[in-house]
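Q: Here you go, sequence then predicted model.
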Amino acid sequence: MAGQRPLGDPVAESRRLVAAATDKGLTVRLLGGVAVCLQAPPEGPLLPRTCGDIDIATHRGHRRETTELLQEAGYAGDEMFNALHGAHRLLFYDDVNGRKLDVFIGDFKMCHLIPIADRLDREPLTVPLAELMLTKLQIAELTERDQRDIYNLSYHHPIGANGTGMEAGYIAELCAKDWGLWRTSKATIEKCLANLGDYSLPADASRTIAESLRLLSKRIEAAPKSTRWKLRSRVGDRVRWYDRPEENAVSN
């Protein structure tokens, strides 16, 4: 792989990176829009969108191996960013295609922290569906493309029990431990339900998405809350409950 240039198609390039990592005995899995696309049927997601940058996740302690992998694959690291944040996150650039590549190590942290290391090898290409959905639900200032991703995941992957489909129980469990994550996730679901009519979708597709999101919201609400959650809930919205991604990094 050394000396190769990144592929122009971000989906094909993402597959190449996962395969190269696997050949080296390194577990790397995809997040973001590329992961949502890879989790869609062969004909593509219900609401297509352009995939730009690539996001990957790996286990703690694999900074050196991941850096070597990406350098061999034709990526240049952001030296300042990686020196400051490299224990948890790395940033690389694909100068050939004008793309950015983010590496999340151990946990995904943007507006909220989502643990990803413990279940990283459950899917062959992407993080598990529950974690993938949570990386979208945790966005405090939802973008249109992230909203599309939530609709696509809700439509193509029915809510299931732990181990099947969209694991609502696992999502609810994480939200029950973290009031801030619960608060943002619930607000994101409400926003997606309110905006669903803006898309010219077939009635059955809109109904499927709405039912899935409502069921997920109910499961999140019903999960027994931790003592930490209850204590934070007393403060409520008086104190900001989410991070701004730019506060966690010098560049993004």
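A: Received it, and whenever you're ready, just let me know what you need.
Q: shaky segments in the chain?
A: 1-3, 161-164, 246-252 (pLDDT under 70).
Q: In it, what residue spans correspond to helices?
A: Secondary structure of the chain (DSSP state H): helices located at 10-23, 32-38, 63-72, 79-85, 129-137, 144-156, 168-177, 179-195, 203-222, 227-235.
Q: buried ones in the third one?
A: Judged by neighbour count using 16 or more other CB atoms under 10 Å, the buried positions of helix 63-72 are 63, 65, 66, 67, 69, 70. Glycine gets a C-beta too; all of them are placed from N, C-alpha and C.
Q: didn't the fourth one look like it was pressed against residue 91?
A: No. In terms of CB atoms under 8 Å, residue 67 does not count as a neighbour of residue 91; the distance is 10.9 Å.
Q: For the two, list the residues in contact with both.
A: Common contacts of residue 67 and residue 91 (CB atoms under 8 Å, 6 or more residues apart in numbering): 77, 82.
Q: Of all the helices of the chain, which one comes closest to residue 107?
A: Taking CB to CB, helix 129-137 is the member of the helices of the chain nearest to residue 107, at 10.3 Å.
Q: what does the closest one contact?
A: With CB under 8 Å, 6+ apart as the test, helix 129-137 has contacts from 31-32, 35-36, 39, 108, 110, 114, 116, 119, 123, 126-127, 146, 149-150, 153, 157, 165-168, 170-171, 174, 181, 184-185, 188-189.
Q: switch the cut-off to 6 Å
A: 31, 35, 108, 114, 116, 146, 149-150, 153, 157, 166-167, 170-171, 185, 188 (CB atoms under 6 Å, 6 or more residues apart in numbering).
Q: How far off centre is that helix?
A: 5 Å (CA atoms, centre = their mean, to the nearest Å).
Q: angle of it against helix 144-156?
A: Relative orientation of helix 129-137 versus helix 144-156 (axes from the mean of the first three to the mean of the last three CA atoms, to 10 degrees): 150 degrees.
Q: Skipping adjacent residues, who's closest to residue 46 in space?
A: Using CB to CB, 6 or more residues apart in numbering and skipping the chain neighbours, the partner closest in space to residue 46 is residue 155 (4.8 Å).
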